[in-house]
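# have a look; sequence and predicted model below, questions after that.
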Amino acid sequence: MKYWSLPGLVILLLVLPGCTLLPEREPVDRAWFLLEPPAEPAPRLADAPLAVELASVLVAPTWSGKGLVYRLGEHRYEPDYYNEWFLAPAEQFEGLLHERWTRAGSAIELVENAARVRADGRPALRLDVLVTGLYGDLAQAEDRADAAGVGRLGLRTRIASAERADLLHFEAQRPLSRRSPERLVAALSAATAQVFAELEDALLATAVGAEADG
């Protein structure tokens, strides 16, 4: 019978496949992010806020997962599995709009049922939202030497009054100096703030147009 000394056993354990005591690779750090556009309410442009029913908030399948997404070329998208959204994008957009439109002084007042509000004699709109883009576009940088790409946000909406329904599309982008999850989230947050402001302008304009038609 062959006996092994303690040093010999240690060496054997280190060289046996699958039994190494040394890590094979560095652990990958995971990080989670949230969109953080400015939290100010929609500016009040009338004596009374406009009633809006937020009927649905959906996200196109390419962007609906929790991983941040980069566009590398035509029809080439790469999810980042190590840097993720803390909440699914649909939850984030619904929560951000709810927070923004329930603040004191907002020009928008969220209601559960626009038709019921209209029946009481107040103007009200029904809003459906689809996020059509939420990604870092590394394949199309701006015309700047220091830009590695842009963060892009797209929003398609259906705004319905009692008389009509309009389909509107909003887009915004912000430059990325380099690829990093922090810079991408900051760019998308700024783009979100711009799109929200444009959406609010469209809602108020639709309400004014509906009153004029009435």
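Good, I have the coordinates. Keep in mind the model is a prediction, meaning the values are calculated, not measured.

# count the residues that sit near the closest residue to residue 137 other than its chain neighbours.
Counting by CB to CB, 6 or more residues apart in numbering, residue 71 is the residue found nearest to residue 137 once chain neighbours are left out, at 4.6 Å. (Glycine included, C-beta is placed from N, CA and C.) Close neighbours of residue 71, defined as other CB atoms under 10 Å, add up to 20.

# next: residue 189.
19.

# and the average pLDDT for the longest strand belonging to the chain is what?
Using DSSP state E, we find that the single longest strand of the chain is strand 124-137. If you average the pLDDT over strand 124-137, you get 97.

# what sits against the residue nearest to residue 137?
77, 78, 135, 136, 137, 138, 139, 140, 152 (CB atoms under 8 Å, 6 or more residues apart in numbering).

# starting at the chain centroid, how far to the strand or helix carrying residue 167?
Per DSSP states H and E: residue 167 is located in strand 165-176. Offset of strand 165-176 from its chain centre (CA atoms, centre = their mean, to the nearest Å): 12 Å.

# stretch 90-101 now?
For stretch 90-101, the distance to the chain centre is 10 Å (CA atoms, centre = their mean).

# picking up where we left off before, out of the contacts of residue 71, grab the one that's most surrounded.
Counting by other CB under 10 Å, top hit in the contacts of residue 71: residue 136 with 27 neighbours.

# what's near enough to touch it?
Shown in contact with residue 136 (CB under 8 Å, 6+ apart): 68, 69, 70, 71, 149, 150, 151, 152, 176, 179, 184, 187.

# if we use 7 Å, what do you get?
70, 71, 149, 151, 176, 179, 184 (CB atoms under 7 Å, 6 or more residues apart in numbering).

# tell me what the second one is bridged to.
The residues listed as beta-bridge partners of residue 71 by DSSP bridges are residue 77, residue 137.

# where do the helices sit along the protein?
6-15, 89-101, 114-119, 181-213 (DSSP state H).

# and residue 88, what does it touch?
Listed by CB under 7 Å, 6+ apart, the contact partners of residue 88 are 64, 66.

# so what's the backbone phi/psi at it?
phi -60, psi 150 (degrees, to the nearest 10).

# mind checking how far it is from residue 155?
As judged by CB to CB, to the nearest Å, residue 88 and residue 155 stand 16 Å apart.

# to the chain's geometric centre, what's the distance from stretch 119-137?
For stretch 119-137, the distance to the chain centre is 14 Å (CA atoms, centre = their mean).

# for it, buried residues please.
Residues 123-137 are the ones in stretch 119-137 that count as buried (16 or more other CB atoms under 10 Å).

# what about residue 105, neighbour count?
10.

# for stretch 172-180, what is the distance to the chain centroid?
15 Å.

# got the CA positions of it in PDB?
Included here for stretch 172-180 are C-alpha records, laid out as PDB according to Å, rounded to 0.1, in the frame of the first residue of the first chain:
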ATOM      1  CA  ALA A 172     -35.600  60.800 -28.600                       C
ATOM      2  CA  GLN A 173     -31.800  60.000 -28.500                       C
ATOM      3  CA  ARG A 174     -28.900  61.000 -26.400                       C
ATOM      4  CA  PRO A 175     -25.200  60.500 -27.200                       C
ATOM      5  CA  LEU A 176     -23.000  57.800 -25.600                       C
ATOM      6  CA  SER A 177     -19.300  58.700 -25.300                       C
ATOM      7  CA  ARG A 178     -18.500  55.000 -24.700                       C
ATOM      8  CA  ARG A 179     -20.300  51.800 -24.000                       C
ATOM      9  CA  SER A 180     -21.100  51.400 -20.400                       C
END
